[in-house]
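> Next come a sequence and a model predicted from it.
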Amino acid sequence: MKTIGLALTDELGMAAHGLHVIARRGTAADVAAVAAEVAKHGVSDVVVGIPFELSGREGPRARRGRGFWDALRAHLTGVEWHEQDERFSTRMAERVLLEADLSRQKRKRVIDQQAAAVILQGWLDARRPLT
């Protein structure tokens, strides 16, 4: 919980792209930083990754995150809120970054950004109708 990874999708909602990482500085500062990005990019939907336990239940990490998400929801009005299971998102992001042959130092700087893209892509894929 040291950083917040941000990702955006294209206008068609097909592909998620990592935006950047915000270093955590406290709830009020973090909410202001995320709200600024939402306004800057004209975001209409916010997808929050929920760190469920392997059993599928919310554990201590998810309960700790709820305070931040509640503060963010109270501050950001006019957007739709969605929750997405983020289990294994960091592992998937790590795999992508390893395949891209990024150094360990570079991976550490962008892992949460890439994990945010994985979470958003999972949400986008789940919304897409089956053909």
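Ah, there it is.

> Okay, helices next: where are they in this structure?
Assigned by DSSP state H, the helices in the chain fall at 27-41, 60-75, 89-99, 104-127.

> May I see the buried residues of the third one?
Neighbour counts over helix 89-99 (16 or more other C-beta atoms under 10 Å) mark Ser89, Thr90, Met92, Ala93, Glu94, Val96, Leu97 as buried. No exception for glycine: its C-beta is placed from N, CA and C like everyone else's.

> Could you pull out the buried residues of stretch 28-48?
Asp30, Val31, Ala33, Val34, Val38, Val43, Val46, Val47, Val48.

> Just tell me which of the helices of the chain ends up closest to Asp10.
helix 104-127 (9.7 Å; C-beta to C-beta).

> pLDDT weak spots in the protein?
The chain contains residues with pLDDT under 70 at 131.

> Report the beta-bridge partners for the closest residue in space to Glu37 that isn't next to it in sequence.
Spatial nearest neighbour of Glu37, chain neighbours left out: Leu6 (5.9 Å); criterion: C-beta to C-beta, 6 or more residues apart in numbering. Beta-bridge pairing of Leu6 under DSSP bridges involves His20.

> okay but Leu6 is in contact with Ala117, surely?
No - if you go by C-beta atoms under 8 Å, Leu6 and Ala117 don't touch, sitting 9.1 Å apart.

> quick one: which of those two has more around it?
Ala117 (25 against 21; other C-beta atoms under 10 Å).

> list the contacts for that one?
Residues near Ala117 by C-beta atoms under 8 Å, 6 or more residues apart in numbering: Gly5, Ala7, Ala16, His17, Gly18, Ala93.
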